[in-house]
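Got a sequence here, can you build the structure:
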Amino acid sequence: MNMDATLYNTQGKEAGKVTIPEAVFGVTWNPDLVHQVVVAMQGNARTPIAHTKDRSEVSGTGKKPWKQKGTGSARHGSRRSPIWRTGGVAHGPRNERDYSRKVNKKMRTKALYAVLSKKFKDGEVLFLDSLAFEQPKTKEAKTVLSTLSGVEGFDALATKRNNAALIAVVGSDDATYKSFRNMGNVTLEEVRNLNPALLLQHKYLILTPAPVAVEELEKRGGKESK
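Predicted structure coming up:
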């Protein structure tokens, strides 16, 4: 089953309708699945850096500091003990820790569609007919965003300073990419690289050219979206 959504141009005017599949933009919200997939993706992208040395790795003598009895001091067996100033660290972070988790393709796709559906239901998805620049122009890119902020429900495009919008394009356009890359509140990404974690980092999603982008998103599901 398909639905219709309003298609806009870069002047913020209605340019017609775009047909969107309910299997992509009409999925029931599943917070547990989305949380599981996002946490797994963040863990898979994590590279442990912090690393402490335990008592077997720190430098120092292995000789007993003093005899066991008769000194009046507490007994000690090694200067490498964690209770010594130059000793090893007990239970500290280790860079060999593995944070990765397995997430199959079906789960990732369902989580992606759940987030897309939630954003569409909340009025945070803008379908744009086209977006292209003859040459890199940040000024023109800002003008486009300012114009699109006039669309009902998208006013934060002009005021939100961080993670205002994720612009998903079909294919790579060097001029468009360079026009937006200096804007801290906007991220430009190809539709084929969209994922739940990336979508949740931004308030709005702008799909362009919308008909082709929607078709590509539907293909992501394959048999799972039917």
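
Now do V191 against R101, distance only.
25 Å (C-beta to C-beta, to the nearest Å). C-betas here are computed from N, CA, C, even on glycine.

Mind checking which of those two has more residues around it?
V191 (19 against 13; other C-beta atoms under 10 Å).

from memory that one sits against T208, does it?
No. Counting by C-beta atoms under 8 Å, T208 is not a contact partner of V191; they are 9.1 Å apart.

any residues in contact with both of the two?
Common contact partners of V191 and T208 (C-beta atoms under 8 Å, 6 or more residues apart in numbering): 168-170.

Assign the residue lying closest to T138 once chain neighbours are set aside to helix, strand or coil.
Take T138 and drop its neighbours on the chain: the residue closest to it by C-beta to C-beta, 6 or more residues apart in numbering is N182, 5.2 Å away. Following DSSP: H, G, I helix; E, B strand; the rest coil, N182 is assigned to coil.

what's the pLDDT at N182?
For N182, the model assigns a pLDDT of 88.

likewise the one 5 residues further on?
The model reports T187 with a pLDDT of 94.

Tell me which helix or strand it sits in.
strand 186-190 (DSSP states H and E).

ok, now how distant is G150 from H91?
55 Å.

Return the list of helices and strands in contact with the helix or strand that the strand holding T187 is followed by.
Once the chain leaves strand 186-190, the next helix or strand it forms, by DSSP H and E, is helix 196-200. Applying 3 or more C-beta pairs under 8 Å, 6 or more residues apart in numbering; DSSP states H and E, we find helix 196-200 packed against helix 31-44, helix 105-121.

tell me how far the last one is from the chain's mean position?
What it means is helix 105-121. Taking C-alpha atoms, centre = their mean, to the nearest Å, one finds the center of helix 105-121 at 14 Å from the center of the full chain.

buried set for it?
Of all the residues in helix 105-121, those buried under the rule 16 or more other C-beta atoms under 10 Å are 107-120.

between these, which is nearest A156?
K119 (13.3 Å; C-beta to C-beta).

residue contacts, that closest one?
Shown in contact with K119 (C-beta under 8 Å, 6+ apart): 125, 199, 204-205.

Of the residues you listed - the most surrounded one?
Y204 (25 neighbours).

ok, it touching T159?
No. Here Y204 does not reach T159: they are 12.0 Å apart, not a contact under C-beta under 8 Å.

measure G77 to K63 for me?
10 Å.
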